[in-house]
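A.B. asks: Fold the following and give me the result.
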Amino acid sequence: MNILKKVLKIFFYIAIVFVVLFILVGLLGALFTKHIFFRPDNLDSIPFRKPYTYSFCKPDLSKTTDVCSASATDPHNGEGSYHFYLEQNSRVLPPGLTLHSNGLLTGTPNAVGQTAVSICAEDESKLTDCQTVQMTVK
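C.D. replies: Numbering: from 1, shown residues only. I've put the predicted structure just below:
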C-alpha cells in the first residue's frame with residue numbers, strides 16, 4: 001500500500017510538471033508570435049459628390065497599380081507587400097467609393113451619411129489586422 005501511494009504521488013508531480021510546461025510553452029509562443037499592426041485614421045470629412053482618394057497604406061499611394069510594400073509605416077511589421085479588404089461581416093463602403101487591394105480608397109461618394117466599416121490589412125504570410133474606420137460623407 002505504501003508503494004502505491006508513492007507511485008501515485010510521483011504521477012501527480014509529473015502531471016503538475018506537464019501542466020506547468022504546457023502553460024509556459026503557450027505563454028512563450030504568444031510572446032514570439034509575429035503580428036502586423038494597422039492603425040488607420042477615421043475619415044470624417046469625405047466630400048459629397050466630389051472625387052475622393054485616400055490611402056490606407058503609409059506613405060500614401062497615388063495609383064491603384066501602386067504596391068503597399070513591406071517598407072510601409074502603416075501597416076507595419078509584416079512580410080512582403082500588403083493587401084487590403086473589407087472584413088467579411090463589415091458594413092459596405094459609402095456608395096460611390098471603392099477600396100482597392102493596395103489600400104487606396106477612391107471614387108465619388110453619392111450619398112451623405114456616416115458609416116463604420118472594418119478594413120483589414122494582410123501581408124504575404126497571411127498575417128492580418130482588421131480595424132474599424134468611421135467614414136462620414138458631408
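A.B. asks: only C-alpha atoms for contact and neighbour calcs from this point on.
C.D. replies: OK.
A.B. asks: Please enumerate residues in contact with stretch 111-121?
C.D. replies: 38, 48-49, 75, 82-87, 90-96, 128-138 (Cα atoms under 8 Å, 6 or more residues apart in numbering).
A.B. asks: I'd like to know which of these are buried.
C.D. replies: In terms of neighbour count (16 or more other Cα atoms under 10 Å), the buried residues within the contacts of stretch 111-121 are 38, 48, 75, 82-87, 93-94, 128-133, 135-137.
A.B. asks: Among these, name the ones in strands.
C.D. replies: 82-86, 128-133, 135-137 (DSSP state E).
A.B. asks: Leaving out the residues flanking it, which one is nearest to residue 97?
C.D. replies: Nearest non-adjacent residue to residue 97, counting by Cα to Cα, 6 or more residues apart in numbering: residue 107, 4.5 Å away.
A.B. asks: swap in residue 43?
C.D. replies: Nearest residue to residue 43, sequence neighbours excluded (Cα to Cα, 6+ apart): residue 135, at 4.7 Å.
A.B. asks: one step back: a markdown table for the ones in strands among the buried ones among the contacts of stretch 111-121, including distance to residue 68?
C.D. replies: Shown next, in a markdown table, are those (distance: Cα to Cα, whole Å):
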| residue | distance to residue 68 |
| --- | --- |
| 82 | 5 |
| 83 | 7 |
| 84 | 9 |
| 85 | 13 |
| 86 | 16 |
| 128 | 14 |
| 129 | 15 |
| 130 | 16 |
| 131 | 17 |
| 132 | 20 |
| 133 | 19 |
| 135 | 22 |
| 136 | 25 |
| 137 | 26 |
